[in-house]
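Colleague: I would like to see how this sequence folds:
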Amino acid sequence: MSATLTIERLTIGLPEGADRPFAVENVSFDIDKGQILCVVGESGSGKSMTANALMGLLPHGVEVKSGRAMFEARDVLRLPEVEKQALRGAQIAMIFQEPMTALNPLMRIGDQISEVFAAHGLYTQSERRKRALDLVREVGLPDPEKIIRAYPFQLSGGQRQRAMIAMALALEPKLLIADEPTTALDVTTQAQILKLILDLRKKRGMAVMFITHDFGVVAEIADQVIVMREGKVVERGDAASVLDNPQHDYTKRLLDAIPTGKLPEARELSATPALEIKNLRKTFRTGGGLFKPVREVHAVDDVSLTVSRGEVLGLVGESGSGKSTLGRTAVRLVTPDGGHVMVGGVDLAALSEEELRRQRNKVQMVFQDPYASLNPRQRIMSALTDGPINRGVPKEKAQAKAKDLLEIVGLGADAAMRYPHEFSGGQR
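Modeller: Residues are numbered from 1 along each chain as shown. Next comes the predicted model:
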């Protein structure tokens, strides 16, 4: 079987001051036509850097030091920019890890999908819209006629991911690079997307480079697997061999880290609630006007729950079910239409903006899309210390605490002076 892509001894250098000299070091592999290669590894292992090098999308200061990547008898690493632009989308397409930063916030979803055809001079405007609509249906987005007129911020995280997958599949590329495309998706949508990729592979003979940290995905779709750690390939083989008989200790640790589904032992909880949500409601209304119906979404509809001190409450549901809206309402990033959000006896839903600022530190949120949450012009140290300093904590104390926190999450205190773009997706 002929190889669609052959990577030979690829080495990618990192800028001075990084935690290691090379993002990727001496990496080689093939992807045959119709084959799915899963590239597995923890955050920062070099998976996404390899993909970005193929697409000519390496960040400033990161460059290919040696090696080549042969696609249809051409080294894509050294093509002129004009040829790279012609190749992207038409021959090699990529699904990115962070859809909110990959999509244009000022363009409707249908226009962004149509733009792929326009960039390559294909079809008339009406044909582009029809094909965009077909792709929206194919990736399982609800209410396609309305979705293609929606903006990215009007979709849930999983819906944005599916829209981006539609863009990547628009021109039926020969090689699809999928950079953790199912991370933000619920399990039913994940299964649908994986089936879609398998069907397209079968139908079009498309080769797929699937980047993931999830061995459940590997078991579902992979033909071949390579495992990366700190920029190097530590194990490779067919999926069954790697899953059933891993050789490297690192691969064994990754497999051991798969959730078992075993529930933790029940423990006695505090009678004091940390959070009480009572009869919470939030409805979003968009559109309306001459001959246009109003689009109304009941994101949170009469929800009540209590979380005790020391309790972990799992909130589960499909993409678009209202989970994130409920969380954002609890933090008062979204103002509810009705109901109460009680934290420490204070109803956050009823506070004025000035009162709310004094209560902000009582509820904190980890967002779904870290790259959109972090200020790209602000070093991580500033991001971690601005809040405490604004609340009166001395600068030296805040910085010491920030370094301790970076050690706790496994980044190390040295990461404090980096910018967000200098981290991998998982590190962000």
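Colleague: host element of the residue lying closest to residue 416 once chain neighbours are set aside?
Modeller: Leaving aside its sequence neighbours, residue 416 sits nearest to residue 381 (C-beta to C-beta, 6 or more residues apart in numbering; 4.1 Å). For the C-beta atoms, the positions are set from N, CA and C on the backbone; glycine is no exception. Here residue 381 sits within helix 380-390, counting by DSSP states H and E.
Colleague: that older thread, who are the neighbours in contact with the residue nearest to residue 416?
Modeller: 399, 402, 416-417 (C-beta atoms under 8 Å, 6 or more residues apart in numbering).
Colleague: what pLDDT does it get?
Modeller: Predicted confidence (pLDDT) at residue 381: the value is 96.
Colleague: Next one: it from residue 397, what distance?
Modeller: 13 Å (C-beta to C-beta, to the nearest Å).
Colleague: picking that back up, can you flag the buried ones in the contacts of residue 381?
Modeller: 399, 402, 416 (16 or more other C-beta atoms under 10 Å).
Colleague: which residue sits closest to residue 96 in space, ignoring its chain neighbours?
Modeller: Per C-beta to C-beta, 6+ apart, closest to residue 96 is residue 102, 4.2 Å.
Colleague: ok, so of the buried ones among the contacts of residue 381, who is nearest residue 238?
Modeller: residue 416 (42.2 Å; C-beta to C-beta).
Colleague: Look up how far residue 406 lies from the residue nearest to residue 416.
Modeller: 9 Å.
Colleague: next one: residue 323
Modeller: In terms of C-beta to C-beta, residue 323 sits 28 Å off from residue 406.
Colleague: do residue 215 as well
Modeller: Counting by C-beta to C-beta - residue 215 and residue 406 are separated by 28 Å.
Colleague: Equivalent analysis for residue 307, please.
Modeller: Residue 307 is 27 Å from residue 406, by C-beta to C-beta.
Colleague: what's across from residue 27 in the sheet?
Modeller: Residues in a beta bridge with residue 27, per DSSP bridges, are residue 10.
Colleague: In this structure it contacts residue 228, no?
Modeller: Yes - taking contacts as C-beta atoms under 8 Å, residue 27 lies within contact range of residue 228: 7.5 Å.
Colleague: Mutual contacts of those two, please.
Modeller: Counting by C-beta under 8 Å, 6+ apart, the residues touching both residue 27 and residue 228 are 46, 50.
Colleague: list the helices and strands the worst-scoring helix or strand of the chain on mean pLDDT packs on?
Modeller: In the chain, no helix or strand scores lower on mean pLDDT, DSSP states H and E than helix 99-102, which sits at a mean of 76. Applying 3 or more C-beta pairs under 8 Å, 6 or more residues apart in numbering; DSSP states H and E, we find helix 99-102 packed against helix 157-169, helix 370-373.
Colleague: Distance from the chain centre to the longest one, please.
Modeller: For helix 157-169, the separation from the chain centroid amounts to 11 Å (computed by C-alpha atoms, centre = their mean, to the nearest Å).
Colleague: Okay, helices next: where are they in the stretch 101-250 of the chain?
Modeller: 109-119, 125-138, 144-147, 157-169, 187-204, 215-221, 239-244, 249-256 (DSSP state H, counting those that start in this stretch).
Colleague: Show me the one of those that comes nearest residue 351.
Modeller: It's helix 157-169; of the helices of the stretch 101-250 of the chain, that one is closest to residue 351 (C-beta to C-beta) at 27.4 Å.
Colleague: and the closest one, what does it pack onto?
Modeller: strand 92-95, helix 99-102, helix 109-119, helix 125-138, strand 175-179, helix 187-204.
Colleague: sorry, back to before: I'd like to know how many residues surround the residue nearest to residue 96.
Modeller: If you count neighbours by other C-beta atoms under 10 Å, residue 102 ends up with 20.
Colleague: Okay, it and residue 427: tell me how far apart.
Modeller: Distance from residue 102 to residue 427, by C-beta to C-beta: 18 Å.
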